[in-house]
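> I'd like to go over a predicted model; first the sequence, then the structure.
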Amino acid sequence: MPELPEIEVTRLGLTPRLVGRNVDRVTARVHALRYPLPSALARKLGGQRLLAIRRRGKYLLFDFGTGHLLVHLGMSGSLRLVEKGQPATKHDHLDIGFDNEVLRLRDPRRFGAALWIEGDPMSHSLLAHLGAEPLERRFDAAALARALRDRRTAIKPALMDASIVVGVGNIYASESLHRAGIDPRLPAGRVTPARLAKLVRAIKSTLRNAIRAGGSSLRDFVACDGALGDFQTRHRVYGRAGEPCRTCGTTIKMLRQGNRTTYYCPRCQR
DNA sequence: ATGTGACCCTGGATGC
DNA sequence: TGCATCCAGGGTCACA
């Protein structure tokens, strides 16, 4: 589901509405998502002021000063801000109340996570080994080349490897490779420096444009105000097998890489 | 070490 | 308005 743009759209939407406010109530309706929910979360969060919402890769970090609530949306998760009293539906697993509003975590497939972290969250085992943040300046062609050196796996699954670069999932890996004109099957370590430079620019611009468009809404993703993203209407290859390439008109093809579907244009991507 | 594939779970689409 | 099958924005784990 959500990749970096969708997580960032969520963060940007929640920040002005929640930061500086105090938690007054917490309701958990399931015992566990991917991991057991934090025990006694109501006691940990009750009365705490939310200081900031940060993002690392596809993880959101809600900073409460005494600790961080880490949230991952898995494949099907969303975080919405709803009015207090709005009845929960089937897959609404966790509510964090702020006065008259409730931050509600919904996740039908339950691949997501909510954890309580005390101490430095970046040292947590889920975050410590993550790779580069693609929108940071230091993620450049040289950094990507170092991370991909001698890698024989194909470039597309390599882009989805969070120990190399975070936040690029199945949609944006295909989209970025199309924008860079790179065949998704090329061995990662054999892509030339010039083409890696183009790929880095493509990743950054694709992610930034997707954030600006409110993310991609395919099945489950909505922003915190319920708004649908618009970037899916601008996908150049993802989900477009059999349709003409928007650059050259060639029929978009799909293939299977590591149990995920890759979309590409056989003419534009070499 | 690196590279694969199975698996976690639910729901929607499709085909019979 | 059934039922079986396949597929889906992610990540972890066991195994070659």
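Okay, I see it.
> and chain A, what are its domains?
A:4-123, A:141-264 (automatic domain parsing).
> mean neighbour count, mean pLDDT and distance to A:Glu133 added to these, as a markdown table?
Where C-beta positions appear, they are placed from N, C-alpha and C, glycine not excepted. As requested, the domains of chain A are exported to a markdown table (neighbours: other Cβ atoms under 10 Å; pLDDT from 0 to 100; distance: least, Cβ to Cβ, whole Å):
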| stretch | mean neighbour count | mean pLDDT | distance to A:Glu133 |
| --- | --- | --- | --- |
| domain A:4-123 | 18 | 97 | 7 |
| domain A:141-264 | 18 | 96 | 6 |
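> could the ones you listed go into TSV alongside distance to DNA strand B?
Putting the domains of chain A into TSV (distance: least, Cβ to the nearest atom of the strand, whole Å) gives the following:
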stretch	distance to DNA strand B
domain A:4-123	3
domain A:141-264	4
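> for the closest residue to A:Val168 other than its chain neighbours, grab phi and psi.
Nearest residue to A:Val168, sequence neighbours excluded (Cβ to Cβ, 6 or more residues apart in numbering): A:Leu159, at 5.0 Å. The phi and psi values for A:Leu159, taken as degrees, to the nearest 10, are phi -70, psi -30.
> my guess is A:Leu159 meets A:Glu175, correct?
No. Using Cβ atoms under 8 Å, A:Leu159 is not in contact with A:Glu175; the gap is 10.5 Å.
> so the biggest helix by length in chain A, near DNA strand C or not?
Counting residues, the longest helix found in chain A (DSSP state H) is helix A:193-212. No. Using Cβ under 7 Å from any atom of the strand, helix A:193-212 stays clear of DNA strand C, coming no nearer than 10.2 Å.
> so how far is that helix off the chain centroid?
Here helix A:193-212 is found 16 Å from its chain centre; the criterion is Cα atoms, centre = their mean, to the nearest Å.
> and stretch A:122-138, by the same measure?
Offset of stretch A:122-138 from its chain centre (Cα atoms, centre = their mean): 13 Å.
> ok, now stretch A:247-254?
Per Cα atoms, centre = their mean, the centroid offset for stretch A:247-254 relative to its chain is 27 Å.
> who touches that stretch?
A:236-237, A:240-245, A:261-268 (Cβ atoms under 8 Å, 6 or more residues apart in numbering).
> from the residues you listed, which is closest to DNA strand C?
Distance to DNA strand C across the contacts of stretch A:247-254 (Cβ to the nearest atom of the strand) is lowest for A:Thr261, with 3.3 Å.
> now the closest one: closest residue in space that isn't a chain neighbour?
Leaving out its chain neighbours, A:Thr261 is closest to A:Met254 (Cβ to Cβ, 6+ apart), at 5.5 Å.
> roughly how far apart are the one you found and DNA strand C?
From A:Met254 across to DNA strand C, the span is 8 Å (Cβ to the nearest atom of the strand, to the nearest Å).
> A:Trp116 too?
With Cβ to the nearest atom of the strand as the criterion, A:Trp116 and DNA strand C are 17 Å apart.
> and what about that residue, helix, strand or coil?
strand (DSSP: H, G, I helix; E, B strand; the rest coil).
> cool, and A:Gly85?
Per three-state DSSP, A:Gly85 ends up coil.
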